[in-house]
Each structure stands twice: as structure tokens, then as C-alpha cells.
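> Here you go, sequence then predicted model.
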Amino acid sequence: MAVAEAEYESILCVKPDISVYRIPPRASNRGYRASDWKLDQPDWTGRLRVTSKGKIAYIKLEDKVSGELFAQAPIDQFPGLAVETVTDSSRYFVLRIQDGNGRSAFIGIGFSDRGDAFDFNVSLQDHFKWVKQETEISKESQETDTRPKLDLGFKEGQTIKLNIGNMPTKKGGAPKPRAAGLGGLNLLPPPPGGKITAPPIPPPSSTAISNHVTPPPVLKSSNMGNADILLDLDSPASISKAPALAAVPATTDLWGDFSTASSAVPNQGPQQSSWVQF
């Protein structure tokens, strides 16, 4: 199964327009420069296809019409010597192509659109990112296989004790059966606080009691008439005036009180009046 998956080839990127250039040898370690190439006179034009088979990626230069292979560059690492970027542009790259006999050569490729160059670069990055993850996973699996496995089985003579509810015990005996509700179902008791009680009525305040005065009842006799009731109402006034009347001596002169009152007022001088004094 692993061999079949390694033989499976997947397509990572396809660009219909690519230009190929012959490049001069590298003059120094500073890198390649696209300005040193004849950019207006490409040596070949065609189609670029990026594929992968297992962990190896392949950059294939093919004819646009027939699809015939012009050159191929196997990539085992990115970035690396198989694919290099130039120092003065993001649309041009240097490939190390190889034939079936193991011979290799360096050529320059260029994209007319900057977006195509970006897609080509990202497709290689994604592939080798996946390769890195697969390598780490395989290492972890190998380390797991080499670790000593835990023996979770029971040893000879080892026992375990489990406490399960509603099981008969030696001390308590058989458990008490629960009361079955309607239809043989066990119903739970109602939750606490389910019954709503009315709030208590507050007692009347002392102010309300003091403001409410009940008049004393009036006793009425069956032999008492309306004249007697009026006499009862006038009796306190006649009793209070009795001492004052007793202090005044009885006299037969009806005008004596008026003459006494006038003599008590001091004289305020002669007054002229047209009235005749009687």
C-alpha cells in the first residue's frame, strides 16, 4: 500500500505561459541576476507543470500544444540548489534540470505575470511543508513503538472492589424498595419551594388605632322622652353656673344691676350729649 501511494503523482500547479533562458555562469556568491539575461529574446516558451510523487516534487517544462516534455527538474528540498530566486526580480528563477542519465544543467525561467510567479512559489512551499509534517509524524510513531508498553492487566491474585448502589450489603441487608408511581414508574418528590404561600398580613399600626375613636354608647330608657334628653344635655352648663349665681344677692330691683355696673366704670370727664339723663 505504501509503494502504491509513492507511485501516485499529483498536480500541484499549472501555468500556461513560461519563458526559458540560457544563463551565464555565476560570477560570484551573491546570486543570479535576471538583468544579465536576454529577457527580450527567450530561448524557449511553453507550459510549466508542477507535480509531486511521494516526497519529491517535479517541475516539468512541456510544449503548449503537444504536451511533449522539454526539461524536468526534480526538487527534493525548497528552498535549495534545485530552485533559486534571482536577486533583482520576483518573476524569475533558476532551475537545475536533469535528464535520465544523471546529467544536470542550470537554466533560467520567467513568468510574464507576477501572480503566476507567486502561485509557483507557494505550491512548492505547501508541498514541502506537508513533507515536513509527515516526517515529524513518522518520527513520533517510531518513538511510540520503541517505548515500553504499560501493562494494565491484573496480576495473579490481585482483586478489585466496586461499590454499586442499591446492592444488598452484609450490615444493612436488602435495600428498601422505592415507591412506584403511576404506571409503575418511580416518580421523584417535588422540588423544595414549589408551594407558594401568601405573604403575612401586617398588624395595624398604633397611629391608625389612636386616630380611630369609638364613641361611648348612649343608653336610652323606654320611659325617657325627648324633653328629658334635652334636659340631660343642658345639665352640665346649669351645674357650672350655679356657684356664680349663688354669689349674687337677690334683689327685687330689676334696674339695680345696671346702675351698679355704670357706677363701677370710672368717670372719663364731662361729655356733652343731647340725651336727657333719666
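Looks like it came in fine. Numbering: from 1, shown residues only.

> which parts of stretch 98-109 are buried?
For stretch 98-109, a neighbour-count test (16 or more other CB atoms under 10 Å) marks 106-109 as buried. Any C-beta I mention is one placed from the backbone N, CA and C, and that applies to glycine too.

> ok, longest strand in the chain?
If each strand of the chain is counted by residues according to DSSP state E, the longest one is strand 9-21.

> Neighbouring strands - and their directions - for that one?
When pairs are called by DSSP bridges, strand 9-21 turns out to pair with strand 44-53 (antiparallel), strand 104-110 (antiparallel).

> so which of the ones you listed gets nearest residue 165?
strand 44-53 (59.8 Å; CB to CB).

> who touches the closest one?
6-20, 57-64, 67, 70, 109, 120, 123-124, 127 (CB atoms under 8 Å, 6 or more residues apart in numbering).

> If any of those residues are buried, put those into a ChimeraX selection.
Applying 16+ other CB under 10 Å to the contacts of strand 44-53, the buried members can be selected in ChimeraX as follows:
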select :12,13,15,18,19,20,57,59,60,61,62,109,120,123,124,127
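
> quick one, what contacts residue 134?
residue 55.

> can you map out the strands along the stretch 1-150 of the chain?
9-21, 44-53, 56-62, 69-75, 83-85, 92-98, 104-110 (DSSP state E, counting those that start in this stretch).

> so which of these gets nearest residue 31?
Short answer: strand 83-85, nearest of the strands of the stretch 1-150 of the chain by CB to CB, at 7.2 Å.

> For the closest one, buried residues please.
83-85.

> helices or strands up against that strand?
Using 3 or more CB pairs under 8 Å, 6 or more residues apart in numbering; DSSP states H and E, the elements in contact with strand 83-85 are strand 92-98.

> just checking, what packs against the strand it packs on?
Secondary elements touching strand 92-98 (3+ CB pairs under 8 Å, 6+ apart): strand 69-75, strand 83-85, strand 104-110, helix 114-146.

> Mean pLDDT and distance to residue 39 added to the ones you listed, as a markdown table?
A markdown table is the format used below for the helices and strands packed on strand 92-98 (pLDDT from 0 to 100; distance: least, CB to CB, whole Å):
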| stretch | mean pLDDT | distance to residue 39 |
| --- | --- | --- |
| strand 69-75 | 92 | 19 |
| strand 83-85 | 91 | 16 |
| strand 104-110 | 93 | 7 |
| helix 114-146 | 88 | 14 |
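
> got these as CSV, with distance to residue 95 columns?
Formatted as CSV, the helices and strands packed on strand 92-98 follow (distance: least, CB to CB, whole Å):
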stretch, distance to residue 95
strand 69-75, 4
strand 83-85, 6
strand 104-110, 6
helix 114-146, 11
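
> so which of these comes closest to residue 154?
Closest among those, once you apply CB to CB, is helix 114-146, at 24.7 Å.

> now this protein, which segments are flagged as low pLDDT?
The model of the chain has pLDDT under 70 over residues 1-6, 145, 147, 166-187, 189, 192-200, 202-278.

> on that earlier part again, what's the closest of the buried residues of strand 83-85 to residue 201?
For the buried residues of strand 83-85, the nearest to residue 201 is residue 85 (91.9 Å; CB to CB).

> May I have the beta-bridge partners of the closest one?
residue 93.

> what residues are up against it?
31, 79, 92-94 are the contacts of residue 85 under CB under 8 Å, 6+ apart.

> Derive a PyMOL selection command for the buried subset of those residues.
Selecting the buried subset of the contacts of residue 85 in PyMOL, with 16+ other CB under 10 Å as the burial test, is done by:
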select buried, resi 92+93+94
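
> how about the contacts of residue 85, which pair is most distant?
Among the contacts of residue 85, 79 and 92 lie farthest apart (CB to CB), at 14.8 Å.

> List the contacts of residue 83.
Contacts for residue 83 (CB under 8 Å, 6+ apart) come out as 59, 73, 75, 93-96, 124.

> Among the strands paired with strand 9-21, which comes closest to residue 159?
Taking CB to CB, strand 44-53 is the member of those nearest to residue 159, at 57.5 Å.

> Now that closest one - C-alpha only, PDB.
C-alpha atoms of strand 44-53 as PDB (Å, rounded to 0.1, in the frame of the first residue of the first chain):
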ATOM      1  CA  TRP A  44      12.100  28.600 -25.500                       C
ATOM      2  CA  THR A  45       8.500  29.200 -24.500                       C
ATOM      3  CA  GLY A  46       5.900  26.700 -23.300                       C
ATOM      4  CA  ARG A  47       3.900  25.400 -20.400                       C
ATOM      5  CA  LEU A  48       5.000  24.800 -16.800                       C
ATOM      6  CA  ARG A  49       3.600  22.000 -14.600                       C
ATOM      7  CA  VAL A  50       4.500  21.200 -11.000                       C
ATOM      8  CA  THR A  51       3.800  17.700  -9.800                       C
ATOM      9  CA  SER A  52       4.700  15.500  -6.800                       C
ATOM     10  CA  LYS A  53       5.300  11.800  -6.400                       C
END
